[in-house]
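*Asks:* Using only what follows, build the 3D model:
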Amino acid sequence: MKITGILLSFILAVVVSLSSLRAEEKSVPDNPQPFEVWLADLKQEALEQGISPGTLETAFTNVAPIPKIIELDRRQPEFTQTYAQYISRRVSPTRIAKGREKISEFSGLLSPVAQSMGVQERFIAAIWGMETNYGSYTGGYSVIAALTTLAYDMRRPTYFRKELLRALKILDEGHISPEDMKGSWAGAMGQGQFMPSSFYSYAYDFDQDGRKDIWVNESDVFASIANYLKRHGWREDQTWGREVTLPEDVDGLWEKVQQTGKIKSCRRALKDHSKQLSLDEWKALGVKSKFGGDLPDVGERPFKASLVMPAGKDGPAYLTYENFRSILRYNCSNFYALGVSLLADELR
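*Replies:* Prediction:
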């Protein structure tokens, strides 16, 4: 049957309308409980946790579920960038140049923070650069509105309800005002992009003014990032790892070093790593430095390293040390941790 232009246009319009309706349906929270009833229950729980009525009244003024956030949460894409694409965009000449400028600009704050916290300046700056482009973009969503939306929705209500209650406690303690508490659509806050629970565990009042200001106060921002790494095992006397050259028989090498034990944390990233061996053991297996020389002699500071090939056996290979695992605790992604590490090397 021949389809006329008018009929074809009608069919296309129906398809578009149905697609729009489906998208609109997906942007509606799944919670069968009316929002007002749910919010009243949430406020009661907050009061029982000691949060003041005044804070709750101010925080929830004109707050309602945001359909855009539900849409973003529903359609989070699979990570499709290749390793080379990811690194070229995040460790770009522009970001490297800006990072060097920022280290110079904030040296009066970065240096004392690095010395006090035991984390090298370049790694603090690299995470700062990766998370918010050195504080230039921290997200434009109200953290309370974003977390309220996700807590009311039914995909991960328990997690986001806990984060929302902690965000309210942050307000109640006076660390930030509701109108200035901005972040990502998922509720990550400030220049280091901390979730409220991470704020409570790792945010640091470096200037001792009684507030942990990870939004505007760079000394608190830097110290909080450093404290996060330090609390997850960072060693100031080590770097993150290094790019290496592998022997010709990469498959044979991998058969010898692939891990067989249970991965205790960050499985999403560490499942692609080898087991951890000493540098002497890697030397014995024929692994060389990036330019073909011997791996460094660590002398009295022996440590373990694991091998990762983020682009497969035909791409670059890296031996990663314990500090790399500290970066993975910030974001459990090999691409992210390598981006931070390589950016830090450029900022050295």
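*Asks:* Excluding residues flanking it in the chain, which one is nearest residue 49?
*Replies:* Among residues not flanking residue 49 along the chain, residue 165 sits closest, at 6.3 Å (C-beta to C-beta, 6 or more residues apart in numbering). C-betas here are computed from N, CA, C, even on glycine.
*Asks:* How much space separates residue 81 from residue 90?
*Replies:* 10 Å (C-beta to C-beta, to the nearest Å).
*Asks:* Dihedrals phi and psi, residue 273?
*Replies:* phi -100, psi 160 (degrees, to the nearest 10).
*Asks:* same check, this time on residue 190
*Replies:* Dihedral angles (degrees, to the nearest 10) for residue 190: phi 70, psi -170.
*Asks:* residues contacting it?
*Replies:* By C-beta atoms under 8 Å, 6 or more residues apart in numbering, the residues touching residue 190 are 132, 138, 183, 214-215, 221, 224.
*Asks:* Adding pLDDT, write those out as TSV.
*Replies:* Output for these, formatted as TSV (pLDDT from 0 to 100):
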residue	pLDDT
132	97
138	93
183	95
214	96
215	95
221	98
224	98
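*Asks:* contacting residues around stretch 99-114?
*Replies:* 120-122, 124-126, 128-129, 134, 206, 218-219, 222-223, 226, 343, 346-347.
*Asks:* now the helix or strand that contains residue 110: mean pLDDT?
*Replies:* Take DSSP states H and E as the rule and residue 110 turns out to sit in helix 107-117. For helix 107-117, mean pLDDT is 97.
*Asks:* Give me the distance between that helix and the centre of its chain.
*Replies:* Relative to the centre of its chain, helix 107-117 is centred 23 Å away, using C-alpha atoms, centre = their mean, to the nearest Å.
*Asks:* Measure how buried residue 324 is and give me the count.
*Replies:* Counted with other C-beta atoms under 10 Å, the neighbours of residue 324 add up to 25.
*Asks:* can I assume it is in contact with residue 242?
*Replies:* No. Using C-beta atoms under 8 Å, residue 324 is not in contact with residue 242; the gap is 10.3 Å.
*Asks:* rewinding a little: in the helix holding residue 110, what's buried?
*Replies:* 109-110, 113-114, 117 (16 or more other C-beta atoms under 10 Å).
*Asks:* Any chance of those residues in CSV with distance to residue 179 as columns?
*Replies:* Below are these laid out as CSV (distance: C-beta to C-beta, whole Å):
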residue, distance to residue 179
109, 26
110, 29
113, 28
114, 32
117, 30
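*Asks:* Spit out the contact partners of the residue nearest to residue 49.
*Replies:* Contacts of residue 165 by C-beta under 8 Å, 6+ apart are 42, 45-46, 49, 51.
*Asks:* one step back: quick one: which of the contacts of stretch 99-114 sit in helices?
*Replies:* Among those, the residues falling in helices (DSSP state H) are 121-122, 124-126, 128-129, 218-219, 222-223, 226, 343, 346.
*Asks:* Now for those residues: which two are most distant?
*Replies:* 219 and 346 (23.9 Å; C-beta to C-beta).
*Asks:* Those two - which one has more neighbours?
*Replies:* Neighbour tally, residue 219 and residue 346, criterion other C-beta under 10 Å: the higher count belongs to residue 219, 20 against 17.
*Asks:* list the contacts for that one?
*Replies:* 109, 113, 206-207.
*Asks:* how close does it get to residue 269?
*Replies:* 31 Å.
*Asks:* Could you list the low-pLDDT ranges of the stretch 151-300 of the chain?
*Replies:* 298-300 (pLDDT under 70).
*Asks:* ok so, going back, list just the nearest of the contacts of residue 219 to residue 157.
*Replies:* residue 206 (34.7 Å).
*Asks:* Now for that closest one, how many residues are close by?
*Replies:* Residue 206: 23 neighbours (other C-beta under 10 Å).
*Asks:* Once you drop chain neighbours, what's closest to it?
*Replies:* residue 223 (3.7 Å).
*Asks:* What number of residues are in the vicinity of the one you found?
*Replies:* For residue 223, using other C-beta under 10 Å, the count is 29.
*Asks:* follow-up on the earlier one: quick one: which of the buried residues of helix 107-117 is nearest residue 98?
*Replies:* The closest of the buried residues of helix 107-117, once distances to residue 98 are taken by C-beta to C-beta, is residue 110, at 14.5 Å.
*Asks:* ok, that closest one to residue 218 distance?
*Replies:* Taking C-beta to C-beta, one finds residue 110 at 8 Å from residue 218.
*Asks:* Quick one: the helices in the stretch 201-348 of the chain, in order.
*Replies:* Secondary structure of the stretch 201-348 of the chain (DSSP state H, counting those that start in this stretch): helices located at 218-231, 250-257, 267-270, 279-284, 322-330, 334-346.
*Asks:* Quick one: closest of these to residue 154.
*Replies:* Closest among those, using C-beta to C-beta: helix 267-270, at 23.9 Å.
*Asks:* Give me the buried positions along that closest one.
*Replies:* Here helix 267-270 shows 269-270 as buried, counting by 16+ other C-beta under 10 Å.
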